[in-house]
Structure formats: C-alpha cells, structure tokens
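**Student:** Got a predicted model here, sequence first, then my questions.
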Amino acid sequence: MKYNYSLTEISRSIKWDISQFDDNCIKRNKDYIDGCNKYFITPVAEISPGWEKEIPCWSDDKFVDKWFGFIEKLYNVGYRDFCFGFDDFQNIGRNKLLTEKDKGFFKNLGEAQCHFLTRIYNKIRSKYGKNMKIFVIYHYYSGCTGEISKEISDYMEAMKKLPDDVLIFWTGSEDRIDEKGAAAYLNLSGKKRLAIFDNWYAESERTPELLAFPPINDRSNGLYKLTEAYFLNVPIFDRELIGTAPIVGAEYLWNTEKYDPAGIAPWIIERAAGMNTYCEIYKIGTLLRDAAGSIDDKKRQQYINSIKTEKNASKQLLPAPLYGMLAKEMDRIMENLESIQNSNTKK
C-alpha cells in the first residue's frame with residue numbers, strides 16, 4: 001500500500017481563518033514541502049470548509065470562490081494534492097443546514113457538501129488537470145459497517161454523486177480496520193477503493209505502555225486489496241518520543257500479508273530507543289495500568305509507593321523529554337490513587 005503520504009491540517013494551523021495564511025505560513029509550508037520531496041513523501045494539504053468563524057453557506061458562490069482561491073494559493077506554495085475535511089462538525093453544532101438559502105436548496109448536509117465539493121472539483125480539474133489527487137473526509141468517517149440510522153444513510157446516499165476519482169477516508173470500526181469493514185463502507189459510499197486514515201496511535205497515545213509496545217494490531221492482512229492510500233496518524237513531538245510509530249507503520253505496510261505484531265515489537269523498540277529504554281518504559285506502563293485499575297486500599301498504597309520509587313529511578317535511565325512525559329502520567333495516577341484513599345478514609 002502507498003504509505004508515503006503526509007496529511008497537513010492547514011486550516012487548523014491557522015485557527016480556521018484562512019486570511020491568517022501569511023508570509024510566515026507560506027515559508028513554513030514551503031520548507032515542509034521541500035522536506036517531503038527530499039524523502040519522496042507526498043504532502044497532502046487538508047482544508048476544512050465549514051470550520052471557520054462565519055456560518056457556512058454551501059450553495060453560495062462566494063463561499064465556493066473563497067475556498068477555491070485558497071486552493072490556488074496553496075497550489076502556488078507547492079501543494080499538488082488536497083483533502084477536504086468535513087469531519088467532526090457535531091463538535092461545533094454544524095452537522096446540519098444552517099442558512100435559509102441552503103435549506104431551500106438541499107434536503108440534508110450530504111447534499112450540500114456534495115454540491116460544494118463537486119463545484120470545487122470542477123474548478124480544480126478545469127485549471128489544473130487530472131493529476132491532482134482529491135481526498136475527502138466525510139462527516140461519517142468511521143464505523144458505518146452494520147445497521148445505520150436514516151440520517152447516515154441519507155448523507156452517504158447524497159455523497160455518492162461525487163466524481164468517481166474523489167478518494168474518501170475511512171478510519172475503521174471500533175479501532176479495527178479490516179477487509180470486511182472496508183468493503184461495507186465502500187458499498188455504503190458507492191466507491192471502489194478507500195484511503196485509510198489509521199488512528200491507532202491517536203487512540204493509544206495516552207498510555208505509556210502502548211508507547212513502549214506499539215505494534216499496529218487488528219489490521220487486516222489483505223486490506224491493501226481495497227485501499228488506494230494509507231495515512232498513519234502518528235502522534236507528534238512529545239507524544240511519540242522514541243520514534244517507533246513510523247517504523248512500525250512501514251513494517252506493516254511493507255508486507256501486510258506476513259505482518260506479525262507480536263514478533264516485531266521488541267526489536268523495533270530496541271532499534272528505535274535501546275533495550276534499556278524499552279524495558280523501563282514497558283515496566284512503568286504496566287505498573288500504571290495495574291495501579292489505575294486497583295480496587296484494594298492496601299494495594300493502592302503499595303502502588304503509590306512503587307510509582308514514587310519508579311519515578312526517581314527512571315529519571316536516571318530515560319531521556320529528559322521522555323521522562324518528563326512519563327513523570328506527568330505517574331503524578332496523575334498517584335493523585336487519583338491518593339484521592340481515592342483519602343475519600344475512603346473519611347468514610
């Protein structure tokens with residue numbers, strides 16, 4: 001599967017206000033594109049129409065022109081592939097039609113977004129030709145493999161009218177990404193192939209144990225048969241400090257049919273960070289997992305003491321940034337345990 005894509009959330013980086021894409025942003029993105037090209041990585045610019053401060057009017061010519069103008073600007077910066085993010089609108093109350101004009105034009109949000117994106121698509125193809133890849137993240141981008149609501153059904157039916165070469169993202173179903181689920185989502189969307197956006201690390205980033213023991217799991221060995229592109233959502237900077245995620249992702253995608261998560265874990269961690277680091281993080285992660293689930297008062301106190309001891313010892317063993325992240329997690333769990341202890345004592 002083609003793994004060497006990198007998705008950049010342009011709109012989020014400028015707090016959804018595309019007027020803030022200034023000279024500093026242009027320079028930063030040019031440098032980023034140059035870095036991608038150096039290592040044969042395809043940078044994809046994600047933009048998020050509908051997340052800006054103004055209420056979106058999907059049928060408005062000015063709204064379409066504004067976003068196509070931003071694509072032209074990004075094209076001049078160096079981007080050649082684009083993604084439209086329509087995900088998580090429910091978080092800002094925009095998972096429905098909001099203007100009277102749109103309500104008069106469309107039956108549902110799917111019709112509105114399909115209309116908007118088709119117009120943008122036609123402008124892109126007219127000006128830049130057919131080589132540019134166009135991705136879209138639907139409002140319903142995960143699950144949808146079993147029984148679905150009428151709202152989801154109507155949305156997906158409306159989006160079927162998008163041009164055939166627009167690639168849609170799917171993130172799997174309940175942390176699992178397999179052929180059966182992918183086929184169900186393709187059938188629902190009327191598409192032939194998917195772009196996978198894998199949130200394995202985004203889901204597990206809060207657990208030090210998984211940072212130390214991170215093989216991708218519950219991924220179908222034959223998924224490549226239905227997949228056009230694969231994006232691994234790798235935590236950045238302080239969230240994935242030992243550098244294992246890209247290695248594991250490459251190992252899975254290099255030969256999915258022979259991928260064995262249990263077999264590759266130790267040597268990948270050792271290769272990325274050294275065996276001592278691996279052992280220490282795994283020990284801390286296991287301790288914190290067990291401590292967080294403890295229901296016995298006596299054991300809680302034992303765990304508090306063990307975490308304190310481990311915190312002091314690991315400071316000498318781990319790189320400072322990694323220790324800082326784990327120390328915060330250890331403090332958080334100790335505070336929770338002590339709070340429970342104090343609460344039980346008062347009773």
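**Tutor:** Cool, the structure landed.
**Student:** Which other helices and strands does the one helix or strand Asp31 maps to contact?
**Tutor:** Element membership for Asp31 (DSSP states H and E) is helix 23-38. Contacts defined by 3 or more CB pairs under 8 Å, 6 or more residues apart in numbering; DSSP states H and E place helix 23-38 against strand 5-9, strand 42-47, helix 61-77. No exception for glycine: its C-beta is placed from N, CA and C like everyone else's.
**Student:** would you list those in TSV and tack on mean neighbour count and distance to Val166?
**Tutor:** Putting the helices and strands packed on helix 23-38 into TSV (neighbours: other CB atoms under 10 Å; distance: least, CB to CB, whole Å) gives the following:
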stretch	mean neighbour count	distance to Val166
strand 5-9	18	16
strand 42-47	20	13
helix 61-77	16	14
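**Student:** least reliable of those going by mean pLDDT?
**Tutor:** Mean pLDDT values for the helices and strands packed on helix 23-38 show the minimum at strand 5-9, a mean of 78.
**Student:** Need the residue closest to the centroid of the protein.
**Tutor:** When CA atoms, centre = their mean is applied to the chain, the residue found nearest the centroid is Asn233 (4.2 Å).
**Student:** who wins for proximity to Lys283 among the helices and strands packed on helix 23-38?
**Tutor:** strand 5-9 (33.3 Å; CB to CB).
**Student:** helices and strands around that closest one, which ones?
**Tutor:** Right, strand 5-9 is packed against helix 23-38, strand 42-47, strand 227-232 by 3+ CB pairs under 8 Å, 6+ apart.
**Student:** I'd like these laid out as CSV, including distance to Gly104.
**Tutor:** Output for the helices and strands packed on strand 5-9, formatted as CSV (distance: least, CB to CB, whole Å):
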stretch, distance to Gly104
helix 23-38, 36
strand 42-47, 26
strand 227-232, 36
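**Student:** and those, which one is worst for confidence?
**Tutor:** strand 227-232 - the lowest mean pLDDT of the helices and strands packed on strand 5-9, at a mean of 83.
**Student:** what angle do it and strand 5-9 make?
**Tutor:** Calculated by axes from the mean of the first three to the mean of the last three CA atoms, to 10 degrees, strand 227-232 forms an angle of 60 degrees with strand 5-9.
**Student:** packing partners for strand 227-232?
**Tutor:** Looks like strand 227-232 contacts strand 5-9, strand 167-170, strand 194-198, helix 245-254 (3+ CB pairs under 8 Å, 6+ apart).
**Student:** 7 Å instead?
**Tutor:** Strand 227-232 sits against strand 5-9, strand 194-198, helix 245-254, with contacts defined as 3 or more CB pairs under 7 Å, 6 or more residues apart in numbering; DSSP states H and E.
**Student:** what's the most buried one of these?
**Tutor:** strand 194-198 (a mean of 23; mean count of other CB atoms under 10 Å).
**Student:** so which of the helices and strands packed on strand 227-232 comes closest to Trp170?
**Tutor:** Of all these, strand 194-198 comes closest under CB to CB, at 5.1 Å.
**Student:** Does the residue nearest to the centre of the chain touch Ile177 like I think?
**Tutor:** No. Applying CB atoms under 7 Å, one finds Asn233 not in contact with Ile177, separated by 11.9 Å.
**Student:** joint contacts of those two?
**Tutor:** Asp198 (CB atoms under 7 Å, 6 or more residues apart in numbering).
**Student:** Provide a list of residues in contact with Glu46.
**Tutor:** 7-10, 83, 85.
**Student:** low-confidence ranges in the stretch 1-150 of the chain?
**Tutor:** 1-3, 11-16 (pLDDT under 70).
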